[in-house]
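# everything below, folded, please.
(one chain, ligands or ions: 1)
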Amino acid sequence: MSDIYDNWEKLVRAVLRKEQLWQLFHAHSRSPSILSESSDASSSSHLSSPSANMPFDFLSSSSYSREEYFEVPNKLVFTAKFTRAFGIEDLFKASTGYLGKGMFGSVYKATLYDMIVVVMKRLKPVNVSEVQFRRRMEIIGNIRDENVVALKGYYSYKEEKIILYEYYCNGSVSQLLHGKTGENQAHVDWPTRLRIAIGAARGIAHIHTQIGGKLVHGNIRSSNVFINPQRYGCISDIGLAAVKTTTFTPAIRCYAPEDENTRNVSQESDVYSFGVFLLELVTRTSPIAFDLVKWVNSVEYKEWNPKVVDIDLLKNNSAIKEQIVKTLEVGMSCGAKSPERRPKMSAVVKMIEDISMMNTEKQVSTGRKISGTLQ
Ligand SMILES: Nc1ncnc2c1ncn2[C@@H]1O[C@H](COP(=O)(O)OP(=O)(O)OP(=O)(O)O)[C@@H](O)[C@H]1O
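Next up, the predicted model:
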């Protein structure tokens, strides 16, 4: 009898906990990451992984004991506007799917209680002190902008650093542009690309206003741009370049020439990388192992030149040609060799918004709050 009672009590506790979590997240989170995406996720092409739906075994790849992970208080910190709705134990029990590995660490999608979805980035060892790391996370965590992927929280204990981000079920712009080839390649029309560019530019410009106008992104590339629910670009991975010195990967040609050996990132170098991103959007050519600035510079890009424009865009009506030419021009001005000659990010936003207002059959609205769907 007491067994039945115990089981019943456990069940009630579990249901209450689930209900509590649902309410907490529903009340405090903004779309798109949590709650609703667990169902989308199953249909998302970039999420297949042999490790999907299994809790990730942190302990087996760490030098810390279970007690160390769970018993020291305040290691899992939620950022300003994000409610503390789960603990580190819940996170460790969550089912995880491996999303990929970047310069700063490995990334997993974690699903807690079948309804809360977050992205966990497990960082490689950082090069800053604990205090500096926490301060940096607080700064990034305080950024709230529809064009910036929100940092929800972080876990920090000695060498172990895990960052929690909003989850974007449609994958990155890099995956959208280059994920599939041939007949399976995604059709990405011009208004969509312009919205991605406008959103990413706004996000970076916003980042550049933080900490007295000194915050730098440091790693702008299409794999760090996602698409928000309004279908605008949304920038991720802010400020990680400041906590982790990476060996520069010369194979990726999206960093400013002055950064090549030092990775001394600056707002000017962010502008350069954004310029490369614009060129990538127009040409649909990846900057991995290919210098887009050099290539576009080698052709007559100030006139309509189908040689450098993605074939998918050539199918469009002729009215967008001028917008495409102007976008290439903005990309090239951002890609100026000398940092002083590059425009400020706020000016770049204005330039792209002006382009989107040019008279075409399909104008892209530039309102800050856009509720419509893809045109
Ligand atoms: N917030 C997110 N939502 C959905 N997928 C994500 C999110 N953040 C990262 N990913 C995915 O996880 C994988 C690894 O991302 P990560 O940012 O570590 O690497 P990267 O962008 O390829 O390289 P880099 O280290 O230069 O940023 C990528 O496939 C990326 O699309």
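
# assign Glu268 to helix, strand or coil.
With DSSP: H, G, I helix; E, B strand; the rest coil as the basis, the three-state label of Glu268 is helix.

# what does the stretch 51-200 of the chain have sitting close to the ligand?
Proximity of the stretch 51-200 of the chain to the ligand (CB under 6 Å from any ligand atom) is limited to residues 99-100, 102-104, 107, 119, 149, 165-168, 171-172. The C-beta positions use only the backbone N, C-alpha and C, and glycine is treated the same way.

# may I ask which of those residues has the most neighbours?
Counting neighbours by other CB atoms under 10 Å, Tyr167 comes out on top of these with 26 neighbours.

# name the helix or strand for Cys169, please.
Assigned by DSSP states H and E, Cys169 belongs to neither a helix nor a strand.

# for it, what are phi and psi?
In terms of degrees, to the nearest 10, the main-chain angles of Cys169 are phi -70, psi -20.

# circling back: TSV for the residues of the stretch 51-200 of the chain next to the ligand, including pLDDT and secondary structure?
TSV is the format used below for those (pLDDT from 0 to 100; DSSP: H, G, I helix; E, B strand; the rest coil):
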residue	pLDDT	secondary structure
Leu99	91	strand
Gly100	90	strand
Gly102	85	coil
Met103	83	coil
Phe104	85	coil
Val107	93	strand
Val119	93	strand
Val149	94	coil
Tyr165	92	strand
Glu166	89	coil
Tyr167	92	coil
Tyr168	93	coil
Gly171	90	coil
Ser172	96	strand
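
# Asn127 contacts Ala241, doesn't it?
No: using CB atoms under 8 Å as the test, Asn127 is too far from Ala241 to be in contact (10.6 Å).

# of these two, give the one with the bigger neighbour count.
Counted by other CB under 10 Å, Asn127 and Ala241 do not tie: Ala241 has more neighbours, with 22 against 12.

# which ones are touching that one?
Ala241 makes contacts with 216-219, 263, 265, as judged by CB atoms under 8 Å, 6 or more residues apart in numbering.

# so which of those residues are also by the ligand?
Restricting the contacts of Ala241 to those within reach of the ligand (CB under 6 Å from any ligand atom) leaves Asn219.

# out of the contacts of Ala241, who's nearest the ligand?
For these, the residue nearest the ligand by CB to the nearest ligand atom is Asn219; the value is 5.2 Å.

# residues near the closest one, how many?
Residues lying near Asn219 (other CB under 10 Å) number 27.

# which SS class is it?
Three-state call for Asn219 (three-state DSSP): coil.

# put the alpha carbons of stretch 298-308 into CSV.
Extracted C-alpha coordinates of stretch 298-308, given in CSV (Å, rounded to 0.1, in the frame of the first residue of the first chain):
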residue,chain,number,x,y,z
SER,A,298,37.9,41.7,-59.5
VAL,A,299,34.7,42.1,-61.5
GLU,A,300,32.6,45.1,-62.6
TYR,A,301,30.3,45.0,-59.6
LYS,A,302,29.0,48.5,-59.7
GLU,A,303,27.0,47.5,-62.8
TRP,A,304,24.7,44.5,-62.9
ASN,A,305,27.0,41.5,-63.3
PRO,A,306,25.4,38.1,-63.3
LYS,A,307,28.9,36.5,-62.9
VAL,A,308,28.9,37.2,-59.1
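
# who's in contact with it?
Applying CB under 8 Å, 6+ apart, the contact partners of stretch 298-308 are 282-283, 295-296, 314, 321-322, 324-325, 328-329, 332.

# buried ones among these?
The neighbour-count criterion (16 or more other CB atoms under 10 Å) marks 282-283, 295-296, 321, 324-325, 328-329, 332 among the contacts of stretch 298-308 as buried.

# need the worst-confidence member of those.
Taking the buried ones among the contacts of stretch 298-308 together, the minimum pLDDT is found at Lys321 (90).

# one step back: what two of the contacts of Ala241 are the furthest from one another?
With distances taken as CB to CB, the most widely separated pair in the contacts of Ala241 is His217 and Arg263, at 12.7 Å.

# between these two, which is the more surrounded one?
When neighbours are counted by other CB under 10 Å, His217 comes out ahead of the other of His217 and Arg263, with 27 against 17.

# any idea how far Asn224 is from the residue in the chain that the ligand sits nearest to?
Relative to the ligand, the nearest point of the chain is Gly102 (2.2 Å; CB to the nearest ligand atom). As for Gly102, its distance to Asn224 is 8 Å (criterion: CB to CB, to the nearest Å).

# Ser286 now?
According to CB to CB, Ser286 stands 14 Å off from Asn224.

# these two: which has the busier surroundings?
Using other CB under 10 Å as the criterion, Ser286 and Asn224 rank with Asn224 on top: 23 against 18.

# from Arg342, how far off is the more buried one?
19 Å.

# next one: Gly239
Taking CB to CB, one finds Gly239 at 20 Å from Arg342.

# and if you look at Ala201?
For Ala201, the distance to Arg342 equals 13 Å [CB to CB].

# so the two - more neighbours on which side?
Using other CB under 10 Å as the criterion, Ala201 and Arg342 rank with Ala201 on top: 29 against 23.
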